[in-house]
Structures are given as C-alpha cells and as structure tokens.
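**Q** dropping a prediction and its sequence here:
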Amino acid sequence: MNRHRDEAMSANRSQKHRFVILFLLIVPCPVEGQTEASRKVDADRLGMTCAQVLKMSATEWIAHFGETTKADRSSSAVRAADAYGRCYQVRTDDLARALARNGKGPSKAARADFDAFEAALKDFTAKALVDAEPPANVEKRALATLYEEQFRYEFYQNYQAKSVKAPNAAKAPQPTPSAPPAKNATPASLSPPPASPESDADEMTRAKNRFGELLGALPDDKLHELHGAFGEVLGLHTLDEAMRLAVYRYAIFLLEPSAGDSFYPPPF
C-alpha cells in the first residue's frame, strides 16, 4: 500500500514539473530590449499621455519637444513627429474599432478605395519630396508623415460624423428654401474655413493655380512624373470637394521650398 502511495505521489510531482515547464515555455519572460524600447517611447512623449500630446498642434509639439530635449533641430523634429504620429495612429485605430463595433464604419469597398488612395498619395509624396526644388529637408519629411496620418484619421472621422447626424436627421423637419440643409460635416483641420460656394470655388482655383506654378517651375521630366502621380491620387478615387482641396494643399506644401513662408502651412 505504501508502495502504491509513493508511486502516486511521484507521478503527481512529475505532472506538476511538466506543467511548470510548459507554463514557462508558453508565457514569455520580460526581455530587457522590450523594456528599453518601451522606456524610449515614453521618453519621446516627455512623460505625457497621447491625449495630452494631441491637445497641441504638431508644430507646437515639435517646438516644445526641441525646447525640452535640447537635441539638435533635425533629430528633434524627427523624434517629435514620430511620437506625435504614434499617438495619432492610436487615436485613429481606436476610432476605427469603435465604428466597426457599432456597425457605423466604412464598407469593405470604401476601405479598399481609401487604401488605394493612400498608396497613390504615398507614391506622390515620395516623388515630390525628391523632385521639389530644393529637395525637402528633414523637418518637412517628418511633417509629411503626419499629414498622411491625418488623411487616414479624417477618413474615419467622416463616418463618425455621419453616425452622429443620422438619428437627428430622421427627426429633423425638412428645411425651407430660405434655410438650405448644411453640407456634410468635414474635419476642421483639413477643411477650409466656412465660406460661401463662390469663395469655396475661388479657394480651389487659387490652390490649383499655385500647384500649377510649382509644377511649371520644375524640369520637364520631373513635371511629367509628378503630374502623372498626382493624377493617380485625384483621378481614380471617391473624394469630396473638401478632401480634394486638402490634397491640393498638401501637394503645395510638399513642393514649396522649405525656407520662407508657406502658401498653405500644415493644418495641424
């Protein structure tokens, strides 16, 4: 009887040992490199939360980061823009998940169209940053990355605006001719200020003319390359007028010299 009990206890200990070994294999142990990387990310936010970082404009944050870290201007701008961009990405991902949970997000076809728009925009951006006269500096490249994050956020924010307005729209009385319905809300950061249809058209004309001037100043080979790439951005995708104007403003920002006043400063 004692022999059977000893055998049972031995088997039980062996089973516990196997369980411990299996647990250690499955559950990852902390790695020093991961801890160090995590500390670096926190350091680049200067101890602030993403919500606090995003309360500042990107240009304010980059200036604040430089003043606080005392790093050289180029590396400071890149690190600050990376930190801001990570926070922007988290906010966009949170919004996309919230919309998906509520069934209010973009359709599969709309997401595919936006993905193609993003790819075309990245291609144009890469060419413009190189072809601009003179080529873009480090700070402009960092801001260009944030611009791209902003387009993605605006895409999902438009669906959020539609989901908020939909219940009210069903209850609201039909507008009279003297009070026409408001246009679909567009993100304030990328959209022009409220204006009449005539001035909206004037703003688009100004942007197109300025873009044409910048293209015309380039050598023929660069002009044709950028004109073709820009056509891929605007010509094949579903964009409202506010977004089209935002794309023109972005293209102008990319092609203008980094030094001097900008025709359209970054909207963030």
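**A** Okay, I see it. Numbering: from 1, shown residues only.
**Q** all contacts plus neighbour counts: C-alpha atoms, from now on.
**A** Fine.
**Q** in the stretch 101-250 of the chain, which spans are helices?
**A** Shown for the stretch 101-250 of the chain, the helices assigned by DSSP state H, counting those that start in this stretch span residues 108-131, 138-171, 197-216, 220-235, 241-255.
**Q** which stretch in those has the least confidence?
**A** The weakest mean pLDDT among those belongs to helix 138-171, with a mean of 78.
**Q** residue 131 contacts residue 221, doesn't it?
**A** No: between residue 131 and residue 221 there is no contact under Cα atoms under 8 Å: 9.8 Å.
**Q** before we move on, the earlier item: to residue 71, which of the helices of the stretch 101-250 of the chain lies closest?
**A** Comparing those by their distance to residue 71 (Cα to Cα), the top pick is helix 138-171, with 13.7 Å.
**Q** buried residues in that closest one?
**A** Within helix 138-171, the residues scored as buried using 16 or more other Cα atoms under 10 Å are 139-160, 163.
**Q** that older thread, looking at the helices of the stretch 101-250 of the chain, which is closest to residue 88?
**A** helix 138-171 (6.8 Å).
**Q** mind telling me what element residue 71 is part of?
**A** Following DSSP states H and E, there is no helix or strand that holds residue 71.
**Q** can you report how many residues neighbour it?
**A** Using other Cα atoms under 10 Å, residue 71 has 13 neighbouring residues.
**Q** distance to residue 56 added to the helices of the stretch 101-250 of the chain, as a markdown table?
**A** Listed next are those as a markdown table, based on distance: least, Cα to Cα, whole Å:
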| stretch | distance to residue 56 |
| --- | --- |
| helix 108-131 | 25 |
| helix 138-171 | 13 |
| helix 197-216 | 27 |
| helix 220-235 | 29 |
| helix 241-255 | 20 |
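**Q** which one of these lies closest to residue 83?
**A** Nearest to residue 83 among the helices of the stretch 101-250 of the chain is helix 138-171 (10.2 Å), distances taken as Cα to Cα.
**Q** mind giving me the packing neighbours of that closest one?
**A** If you count contacts as 3 or more Cα pairs under 8 Å, 6 or more residues apart in numbering; DSSP states H and E, helix 138-171 packs onto helix 73-101, helix 108-131, helix 241-255.
**Q** deepest of those helices, which one?
**A** helix 241-255 (a mean of 21; mean count of other Cα atoms under 10 Å).
**Q** and that helix, what does it pack against?
**A** Against helix 241-255 (3+ Cα pairs under 8 Å, 6+ apart) you get helix 108-131, helix 138-171, helix 197-216.
**Q** need those helices in JSON lines with distance to residue 45, can you?
**A** Shown next, in JSON lines, are the helices and strands packed on helix 241-255 (distance: least, Cα to Cα, whole Å):
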{"stretch": "helix 108-131", "distance to residue 45": "26"}
{"stretch": "helix 138-171", "distance to residue 45": "16"}
{"stretch": "helix 197-216", "distance to residue 45": "35"}
